[in-house]
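1. Show me how the following folds:
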Amino acid sequence: MSIHIDPLERKWMWTIAGLLVFSWAIIIYYAAKDNVNPPSNVEVIDSSKLHLASGVGGGEFMEDNLGVSEDKNGNVTVHMVAARYGFYPLHITVPAHKPIKFRIASFDVLHGVLIPFSNMNTMIVPGYVSQITTTFENEGDFPLICNEYCGQGHAYMYGMIHIVPEDQFKPKMGVK
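-> Down below sits the predicted model:
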């Protein structure tokens, strides 16, 4: 026994299937072109001990260790904490046209960080270190925006990233 499908319905089914395949192809193309991929670093951390010297990483997220650092090989790393309702440190300066590794932890609840006009967009989950590497092509001042609702003060959660030419970059934390 065969099921009869009206020819007009059959045309619409193929049209919708074609639109789905076309949409997926566009998404995959731009993800590959702009190097957009999910974070692959899975590192567990005790959020209640972020500020202690005995925490994971020997106090990597202590207040004195937050900010931008450059190692002896010239690799730039940004250590940040997201907590209600702000990013700490509030202002950071990084060089343009150079890979920047962000290591961010949440002190309390789920947060997100988005930097407009870049491919920097990640979720910050309590209990894990979010690590993402990106290169900024545009110089200037850009906001750090929390794009995950984190409570009543969510609208006031912000930070600022200042992207400067590589020859004007001076890390605030010194060399690690």
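2. which stretches of the protein have low pLDDT?
-> Low-confidence segments of the chain (pLDDT under 70): 1, 37-40, 53-58, 172-176.
3. mind listing the strands in this protein by residue range?
-> Along the chain, counting by DSSP state E, strands occupy 67-70, 76-83, 86-88, 91-95, 99-106, 111-114, 121-124, 129-135, 140-145, 158-164.
4. Quick check: closest non-adjacent residue to E148.
-> Sequence neighbours aside, G112 is the residue nearest to E148 in space, at 3.6 Å (criterion: CB to CB, 6 or more residues apart in numbering). The way it works is simple: take the backbone N, C-alpha and C, and place the C-beta from them, glycine included.
5. Include distance to I45 when you put the strands of the chain into a markdown table, please.
-> Formatted as a markdown table, these follow (distance: least, CB to CB, whole Å):
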| stretch | distance to I45 |
| --- | --- |
| strand 67-70 | 18 |
| strand 76-83 | 11 |
| strand 86-88 | 15 |
| strand 91-95 | 20 |
| strand 99-106 | 6 |
| strand 111-114 | 14 |
| strand 121-124 | 11 |
| strand 129-135 | 5 |
| strand 140-145 | 20 |
| strand 158-164 | 20 |
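6. so can I have TSV of these showing distance to K49 and mean neighbour count?
-> Compiled in TSV, the strands of the chain are given as follows (distance: least, CB to CB, whole Å; neighbours: other CB atoms under 10 Å):
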stretch	distance to K49	mean neighbour count
strand 67-70	20	20
strand 76-83	12	22
strand 86-88	16	19
strand 91-95	23	20
strand 99-106	10	21
strand 111-114	18	22
strand 121-124	17	19
strand 129-135	13	18
strand 140-145	24	15
strand 158-164	23	17
